[in-house]
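*Asks:* sequence first, then the predicted structure, then my questions.
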Amino acid sequence: MRACERPKYGGLNLMNYLNGACPRFGSCHLRLRRAATERATLIFGDSNAKPTDIGLIDAFAPVLAPLLESIAAGGGALGRSAVDVRAFVDGVLTGDLSRGRGLFAPAMGQTLNDYIETQAHGVMGLAADVEALVMDPAFAGTPTGDLLLATAKSYGLEAQWHPGLALALSLVPQDAPDPAEAELMRWQALCADGRARRLAERVIEHHGTTPHLDAANIGQAAVSAVRDPDQWQYWGMPREVLQQLKDIWLILVAHGEPLP
């Protein structure tokens with residue numbers, strides 16, 4: 001893997017999620033060393049919104065202020081619901097954040113749109129800037145899992161497995177939420193008329209070894225959509241299929257449970 005001088009995107013794992021700060025962007029992640037975060041800029045939310053408030057790890061006010069505003073408005077704390085400003089601030093001031101307990105205890109993250117975007121600047125290298133490679137157990141015993149473990153060993157990284165997420169076919173939503181309540185996200189719209197469940201069924205039947213969705217069989221389906229597009233004609237052109245498989249991943253993150 002080549003180092004790159006362009007900003008690299010990730011998320012600040014303030015809430016100590018075992019599967020990473022932004023699970024919507026992938027089931028495996030790299031945990032950076034402190035030195036790497038010291039040369040990163042931080043944004044509450046997504047940079048696509050072009051925010052003007054940008055923070056640093058040691059100048060956190062531009063991130064903390066909108067986070068507290070979101071909590072006060074009932075938005076929860078970066079995916080953890082039913083959290084008010086007092087509980088969050090008390091946890092920070094009493095050391096719960098640094099000790100990883102209470103509100104900040106390790107947990108599986110299932111938030112899709114609540115995160116602190118991190119842009120690490122300068123040359124990034126696996127050996128110099130990464131502390132651990134954290135992997136989805138769906139890849140254990142697979143060629144992908146073997147490659148991940150070999151990469152960690154090659155670069156001297158700690159290799160860890162988080163609990164993973166799985167979703168039984170019967171739990172894939174068959175209807176989209178009421179659009180009157182809020183604007184539907186694309187993955188929610190895919191659920192209408194059972195379309196998401198039919199796609200999930202195809203993924204499990206053709207690319208899975210277990211009767212549930214997980215990161216591995218969705219990934220194998222994505223490979224198939226590129227290599228064997230004729231097998232996916234019902235679902236559209238390869239680009240459309242990949243987009244729908246990405247939405248299936250978001251459904252898994254939103255509704256899944258730790259792997260059995």
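*Replies:* Everything's here; your move.

*Asks:* all strands for the stretch 151-260 of the chain, in order.
*Replies:* Secondary structure of the stretch 151-260 of the chain (DSSP state E, counting those that start in this stretch): strands located at 158-161, 165-168, 212-213, 257-258.

*Asks:* quick check: which of the ones you listed is buried the most?
*Replies:* Per residue and on average, the most neighbours among the strands of the stretch 151-260 of the chain fall to strand 212-213, with a mean of 26 (mean count of other CB atoms under 10 Å). In this view, the C-beta of every residue, glycine as well, is placed from N, C-alpha and C.

*Asks:* partner strands of that strand, parallel or antiparallel?
*Replies:* With DSSP bridges as the test, strand 212-213 is paired with strand 165-168 (antiparallel).

*Asks:* so, low pLDDT: which residues of this protein?
*Replies:* Where the chain drops to pLDDT under 70, the residues are 1-9, 181, 260.

*Asks:* what's in contact with stretch 249-260?
*Replies:* Contact with stretch 249-260 is made by 23-24, 27, 108, 110, 112, 137-138, 163-167, 171-173, 185, 187, 190-191, 196, 200, 213-215, 218, as judged by CB atoms under 8 Å, 6 or more residues apart in numbering.

*Asks:* now for the closest residue to D175 other than its chain neighbours: which residues touch it?
*Replies:* Distance criterion CB to CB, 6 or more residues apart in numbering; nearest residue to D175, sequence neighbours excluded, is C191 at 6.0 Å. Shown in contact with C191 (CB under 8 Å, 6+ apart): 172-176, 197, 251.

*Asks:* how about E205?
*Replies:* For E205, no contacting residues are found, by CB under 8 Å, 6+ apart.

*Asks:* got it, and L14?
*Replies:* Contacts for L14 (CB under 8 Å, 6+ apart) come out as 21, 78, 97, 104, 116.

*Asks:* would you list those residues in a markdown table and tack on secondary structure, distance to G236 and neighbour count?
*Replies:* Formatted as a markdown table, the contacts of L14 follow (DSSP: H, G, I helix; E, B strand; the rest coil; distance: CB to CB, whole Å; neighbours: other CB atoms under 10 Å):
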| residue | secondary structure | distance to G236 | neighbour count |
| --- | --- | --- | --- |
| A21 | coil | 32 | 24 |
| L78 | coil | 34 | 24 |
| L97 | helix | 45 | 17 |
| F104 | helix | 42 | 20 |
| I116 | strand | 34 | 23 |
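
*Asks:* okay, the contacts of C191 in JSON lines with distance to T142 next?
*Replies:* Converted to JSON lines, the contacts of C191 look like this (distance: CB to CB, whole Å):
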{"residue": "V172", "distance to T142": "23"}
{"residue": "P173", "distance to T142": "28"}
{"residue": "Q174", "distance to T142": "30"}
{"residue": "D175", "distance to T142": "33"}
{"residue": "A176", "distance to T142": "33"}
{"residue": "R197", "distance to T142": "25"}
{"residue": "I251", "distance to T142": "22"}
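
*Asks:* quick one: which of these is nearest A127?
*Replies:* Taking CB to CB as the measure, A127 sits nearest to I251 out of the contacts of C191, at 36.0 Å.

*Asks:* now the helices for the protein?
*Replies:* Using DSSP state H, the helices found in the chain span residues 34-37, 61-72, 85-93, 96-99, 126-129, 143-155, 186-190, 195-207, 215-227, 238-255.

*Asks:* from A61, how far off is V83?
*Replies:* 20 Å (CB to CB, to the nearest Å).

*Asks:* which of these two has more residues huddled nearby?
*Replies:* V83 (18 against 10; other CB atoms under 10 Å).
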